[in-house]
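>>> I need the structure of the sequence given here:
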Amino acid sequence: MPHLVQMQSKYGKEGFQAVTVNLDGPDLKPKVEKFLRDKKIDVLNLMLKEDPKVIEQRLHIEGLPLVYVFDREGVREKKYPDGVEDEELEKLVEQLLKKK
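Now for the predicted structure:
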């Protein structure tokens, strides 16, 4: 996650947007928001209200961490089901940001 925060700072002006999705439910919202503030994680964070089983089925989640990369049109370019190496992710993002 620290690398996503760095990438948001580095590429945000070019159109990159890192998004975290919390699957633990809205009851933990204050705790999650405090954690993000305390760790200075300045990315868009979504709190899903659906049942975790429904989320897993809809997003095709096999395990966490999970990283999706979308292009500017919202088309999924890549899914990293076990997380991703920082260099590989950054290279893909740089390629996608060059496409206008």
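>>> Give me the helix or strand of this protein that scores worst on average pLDDT.
Scoring the helices and strands of the chain by mean pLDDT, DSSP states H and E places helix 52-59 at the bottom, with a mean of 81.
>>> pull the CA atoms of that helix into CSV?
This file holds the C-alpha atoms of helix 52-59, laid out as CSV (Å, rounded to 0.1, in the frame of the first residue of the first chain):
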residue,chain,number,x,y,z
PRO,A,52,-18.8,-10.1,1.8
LYS,A,53,-19.9,-13.2,-0.2
VAL,A,54,-21.7,-11.1,-2.7
ILE,A,55,-18.6,-8.8,-3.0
GLU,A,56,-16.3,-11.8,-3.5
GLN,A,57,-18.5,-13.1,-6.3
ARG,A,58,-19.0,-9.8,-8.1
LEU,A,59,-15.4,-8.8,-8.0
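>>> from the middle of its chain, how far away would it be?
16 Å (C-alpha atoms, centre = their mean, to the nearest Å).
>>> got the contact list for it?
23, 25, 48, 50, 61, 66 (C-beta atoms under 8 Å, 6 or more residues apart in numbering). Quick note: C-beta positions are derived from backbone N, CA and C, even for glycine.
>>> Check those residues for the minimum pLDDT and say which it is.
Across the contacts of helix 52-59, the smallest pLDDT goes to G25, namely 75.
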